[in-house]
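J.: Sequence plus predicted model, see below.
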Amino acid sequence: AQSVAQPEDQVNVAEGNPLTVKCTYSVSGNPYLFWYVQYPNRGLQFLLKYITGDNLVKGSYGFEAEFNKSQTSFHLKKPSALVSDSALYFCAQGAAGNKLTFGGGTRVLVKP
Amino acid sequence: GAVVSQHPSWVICKSGTSVKIECRSLDFQATTMFWYRQFPKQSLMLMATSNEGSKATYEQGVEKDKFLINHASLTLSTLTVTSAHPEDSSFYICSAEDNSNQPQHFGDGTRLSIL
């Protein structure tokens, strides 16, 4: 069965420092990979996706992610974190029937 | 961008009540809508996949008689929690997509509290 792993429950980073949120996916032929962000009591907001093409994907709010096939990873990155980036981040992989398999989520706390 | 509206955002009701949650795609036609449940500090659990004009496909372990899903049009899907009990209290989120290569767009969720 397909699985998505986010090995860190929480990531703490100082404002202005680089932010990385890790994600690894299960092996499939051509993975569809997504990152979403969730603020308290809200739904998920789409940040970026990888379908095919360049391994470095640029998304919303200055976020980017790098698809690494050999490591089956799709880590989310932001060069300079903001306090407002504090939220819950989910990595997801597209599955059969257009379903999404979500990782467990990583809480990001950006301290001023 | 694509907008999904979910209503109501918050419901508090007595045990035994049935509660209907609406999910609407406001500026696109959603061929498929999904219903998720999220427990505190946990990930999203897919409950069912809903295609317009056909019966919903439920995930294993989800009671279809308990969680009734109707997808009557390309812009509206509803989830009805029938005879709700305290253990049904949760955050319910819907999403919609217009084709398979596009990301799912999520509603803002409905927090359901059963007393």
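T.: Looks like it came in fine. Fair warning: this is a prediction, and the values are worked out from it, not measured in the lab.
J.: tally of neighbours for residue A:104?
T.: 15 (other Cβ atoms under 10 Å in any protein chain shown). Quick note: C-beta positions are derived from backbone N, CA and C, even for glycine.
J.: residue contacts, it?
T.: Counting by Cβ atoms under 8 Å, 6 or more residues apart in numbering or on different chains, residue A:104 touches A:5, A:6, A:9, B:42, B:43.
J.: if you set the cut-off to 7 Å instead, what comes out?
T.: For residue A:104, the contacting residues are A:6, B:43, by Cβ atoms under 7 Å, 6 or more residues apart in numbering or on different chains.
J.: can you tell me the helix or strand for it?
T.: For residue A:104, there is no host helix or strand (DSSP states H and E).
J.: could you pull out the strands for the chain?
T.: No chain in the question, so chain A it is. A:4-5, A:10-14, A:19-21, A:24-25, A:33-38, A:44-50, A:56-58, A:64-68, A:73-78, A:87-94, A:100-102, A:106-111 (DSSP state E).
J.: that's the other chain; I wanted chain B
T.: B:4-7, B:10-13, B:19-25, B:32-38, B:44-51, B:57-58, B:67-73, B:76-81, B:90-97, B:105-106, B:110-114.
J.: would a markdown table of the strands of chain A with mean neighbour count be doable?
T.: Below are the strands of chain A laid out as a markdown table (neighbours: other Cβ atoms under 10 Å in any protein chain shown):
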| stretch | mean neighbour count |
| --- | --- |
| strand A:4-5 | 18 |
| strand A:10-14 | 14 |
| strand A:19-21 | 21 |
| strand A:24-25 | 20 |
| strand A:33-38 | 24 |
| strand A:44-50 | 21 |
| strand A:56-58 | 14 |
| strand A:64-68 | 18 |
| strand A:73-78 | 21 |
| strand A:87-94 | 24 |
| strand A:100-102 | 21 |
| strand A:106-111 | 17 |
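J.: Tally up the residues packed near the closest residue to chain B within chain A, please.
T.: Nearest residue of chain A to chain B, counting by Cβ to the nearest Cβ: residue A:43, 3.7 Å away. Applying other Cβ under 10 Å, we find 23 other residues in the vicinity of residue A:43.
J.: what bridges to the residue nearest to it when sequence neighbours are not counted?
T.: Distances taken as Cβ to Cβ, 6 or more residues apart in numbering or on different chains place residue B:106 nearest to residue A:43, at 3.7 Å, with adjacent residues excluded. Beta-bridge pairing for residue B:106 (DSSP bridges): residue B:95.
J.: same for the worst-scoring helix or strand of chain A on mean pLDDT, what does it pack against?
T.: For chain A, counting by mean pLDDT, DSSP states H and E, strand A:100-102 ranks last in confidence among helices and strands (a mean of 90). Helices and strands touching strand A:100-102, by 3 or more Cβ pairs under 7 Å, 6 or more residues apart in numbering or on different chains; DSSP states H and E, are strand A:87-94.
J.: Compute the inter-axis angle for the strand it packs on and strand A:106-111.
T.: 150 degrees (axes from the mean of the first three to the mean of the last three Cα atoms, to 10 degrees).
J.: I'm done for today, thanks for sticking with me.
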